[in-house]
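Participant: this one's structure only:
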């Protein structure tokens, strides 16, 4: 195997602890080399070999690092990704890619000019629930898809302990946060819509950032509705699809985040396996016969993303999530905000 990809994390908060460090640690093609922590040095409790830097500028100057993970607040994505690219580093940036599409376009041009990898960490492509939904569509089990509804709901009246998420500034709120996942999933299956209509609101008592949105994505013969609310105590299925032949109904059931937050490393046997109680209901017609059965959800695995990054950097394989993918998500977000403010359909 080639030399491991020496990797630096820009922070060790929730995403660093759960979504990045464990996968970099267990993948033999990577080395978790350095992490930015200003005071607590929690990284070294699990990964004692890691070097700690006090700020991102020091991290970017480390000549040994080949890859930087920008997993800091949304408003920093553009600035930190640009600085890392300027320092000659390949970059993984958390979703949303950037706050504005203009920022995203600039970063794409910069990465291309320096012949560096720039990738967006859209980990929910690797959830067990989404993977079976995509397979049902790709396999044509429902015929022509006519109507789709994706939900990402929570029940949480209180504000987040992450103060930066509750500040009324560009890039905060549910549409940038949870919407980035839903939009990316929809675009990955169905492509860019022709137009969108959006309704974005604040519904929690003390909130100053949007915590409810509903959007309708217009295609030729298909309508895709994406919805999220922070005040849904009894949630609906996360995925509802109707086609000319049948329907598929699926819960949000991926267990990886729960395992990771408990400190379980993703090299355990049968990682990310769904419970049979969460399997999706397929009701359709196959070879002229009506079929109604529960489909196994399989395994989710965010390690597949990092394997894709390894293959891109060491084997000249395609980028698993391109910056253009991330840019399209931001363009849809901008259009949804514009639609909500003006009360009209926005063409893309």
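Facilitator: Thanks, I have it. Model, not experiment: these values are computed from the prediction.

Participant: how about low-confidence regions in this protein?
Facilitator: For the chain, the stretches with pLDDT under 70 are 1.

Participant: can you tell me which residue is spatially central in it?
Facilitator: In the chain, the residue lying closest to the centroid (CA atoms, centre = their mean) is residue 122, at 2.9 Å.

Participant: what does stretch 258-268 rub up against?
Facilitator: Contact with stretch 258-268 is made by 17-19, 22-23, 25-26, 46, 256, 271-272, 301-303, as judged by CB atoms under 8 Å, 6 or more residues apart in numbering. Just so you know, the C-beta spots here come from the backbone N, C-alpha and C atoms, and that holds for glycine as well.

Participant: my guess is the residue nearest to the centre of the chain contacts residue 322, does it?
Facilitator: No - contact criterion CB atoms under 8 Å: residue 122 and residue 322 do not qualify, at 10.1 Å.

Participant: what's the domain layout of the protein?
Facilitator: Per automatic domain parsing, the structural domains of the chain span 5-123+304-317, 124-300+331-347.

Participant: out of those, deepest packed?
Facilitator: Highest mean neighbour count of the domains of the chain: domain 5-123+304-317, a mean of 19 (counted as mean count of other CB atoms under 10 Å).

Participant: start to end distance for that domain?
Facilitator: For domain 5-123+304-317, the first-to-last residue distance is 15 Å (CA to CA, to the nearest Å).

Participant: stretch 182-200 now?
Facilitator: With CA to CA as the measure, the ends of stretch 182-200 fall 15 Å from one another.

Participant: and what of stretch 163-178?
Facilitator: 17 Å.

Participant: what does that stretch contact?
Facilitator: Residues outside stretch 163-178 that contact it (CB under 8 Å, 6+ apart) are 73-75, 77, 96, 99-100, 152, 159-160, 200, 207-213, 228, 230, 333, 336-337.

Participant: can you rerun that using 6 Å?
Facilitator: Outside of stretch 163-178, the residues within contact range by CB atoms under 6 Å, 6 or more residues apart in numbering are 73-75, 96, 99, 152, 159-160, 200, 208-211, 213, 228, 333.

Participant: from those residues, which is closest to residue 118?
Facilitator: Closest approach to residue 118 among the contacts of stretch 163-178 (CB to CB): residue 96, at 14.1 Å.

Participant: what's near enough to touch the closest residue to that closest one other than its chain neighbours?
Facilitator: Counting by CB to CB, 6 or more residues apart in numbering, residue 180 is the residue found nearest to residue 96 once chain neighbours are left out, at 4.5 Å. Taking CB under 6 Å, 6+ apart as the contact definition, residue 180 lies against 95, 96, 329.

Participant: can you tell me the closest non-neighbouring residue to residue 29?
Facilitator: The shortest distance from residue 29 to any non-neighbouring residue, by CB to CB, 6+ apart, is to residue 310 (4.1 Å).

Participant: for that neighbour, helix, strand, or coil?
Facilitator: helix (DSSP: H, G, I helix; E, B strand; the rest coil).

Participant: wait, doesn't it sit right on residue 28?
Facilitator: No - judged on CB atoms under 6 Å, residue 310 makes no contact with residue 28 at a distance of 9.1 Å.

Participant: pull the residues that contact the helix or strand containing residue 22.
Facilitator: Residue 22 is located in helix 21-26, with elements delineated by DSSP states H and E. Residues outside helix 21-26 that contact it (CB under 6 Å, 6+ apart) are 7, 30, 32, 265, 266, 267, 302, 303, 306.

Participant: can you pull the phi/psi pair for the residue lying closest to residue 340 once chain neighbours are set aside?
Facilitator: Nearest residue to residue 340, sequence neighbours excluded (CB to CB, 6+ apart): residue 200, at 4.1 Å. Residue 200 adopts backbone torsions of phi -120, psi 130, taken as degrees, to the nearest 10.
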